[in-house]
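The amino acid sequence is not available; the structure is as follows:
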């Protein structure tokens, strides 16, 4: 067994012990089909799926395909781990701040703190449906006014919506009782559970592992990283 494998085994043992302490008899086996059945019960996946269908239909109808319609998705996909890290750190882990008598604290940040308090509360895993009241108009405005062609703007919109749907699926799956099968998914599963059960100051990527976290210095050795006392109570320390 290599040193990397030994670290992985030790980390999984620690995670299992910590999670058993948190969840106790709640743990059960779950098939991929069962996981999808639960996933489909929540509004955010359906909103994103409908958005993918609508924007894809509009994109095909408009036509006007050019080489930049391949470039834009490639750039968005390549930069997604960095954007995911920035959103997780800057928005989801936002610490409430007072400006005069007003407290600046978004719904996303509040719901994310609740998510950390109970990582197995399924509705809290998903993007709050209220977020789409401003997110979809914002993406529409970007698609229509930032890009030089309507078709290219729709290519951007389709890509963002599809990545959002993929994010919701992976994030849900990691928090579900579905057990990792592939090596790649096992790495993602381990990475995000370290964030929730080991130390909330590290491992911020959700759909990948060892990508943006390495870039920004938040991918430490779990064996030499202290177990945080505030992973389930953000900003309590």
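That came through, no problem. Because the structure is a prediction, the values reported are computed rather than measured.

give the contact list for the residue nearest to the spatial centre of the chain.
Residue closest to the mean C-alpha point of the chain, counted by C-alpha atoms, centre = their mean, is residue 206 at 4.5 Å. When contacts are counted by C-beta atoms under 8 Å, 6 or more residues apart in numbering, residue 206 touches 84, 88, 167, 170-171, 174, 188, 192. (Glycine included, C-beta is placed from N, CA and C.)

From those residues, which land in strands?
Of the positions in the contacts of residue 206, not one sits in strands, assigned by DSSP state E.

Could you dump those residues into CSV and include distance to residue 66 and neighbour count?
Putting the contacts of residue 206 into CSV (distance: C-beta to C-beta, whole Å; neighbours: other C-beta atoms under 10 Å) gives the following:
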residue, distance to residue 66, neighbour count
84, 28, 19
88, 33, 18
167, 28, 18
170, 31, 17
171, 33, 18
174, 37, 22
188, 34, 21
192, 37, 21
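
which stretches of this structure aren't confidently modelled?
Scanning the chain for pLDDT under 70 picks out 1-28, 237.

Just give me the longest helix of it.
Using DSSP state H, we find that the single longest helix of the chain is helix 150-175.

quick revisit: any chance of the backbone angles for the residue nearest to the centre of the chain?
Backbone dihedrals for residue 206, given as degrees, to the nearest 10, come out at phi -110, psi -40.

and it, how far is that from residue 223?
Distance, residue 206 to residue 223, by C-beta to C-beta, to the nearest Å: 22 Å.

burial of residue 182, as a residue count?
9 (other C-beta atoms under 10 Å).

Wait, a strand at residue 98?
Yes: Residue 98: assigned to a strand according to DSSP: H, G, I helix; E, B strand; the rest coil.

Would you mind getting the angle between the one helix or strand residue 78 maps to and helix 150-175?
Assigned by DSSP states H and E, residue 78 belongs to helix 68-87. Here helix 68-87 points in a direction 40 degrees away from that of helix 150-175 (axes from the mean of the first three to the mean of the last three C-alpha atoms, to 10 degrees).
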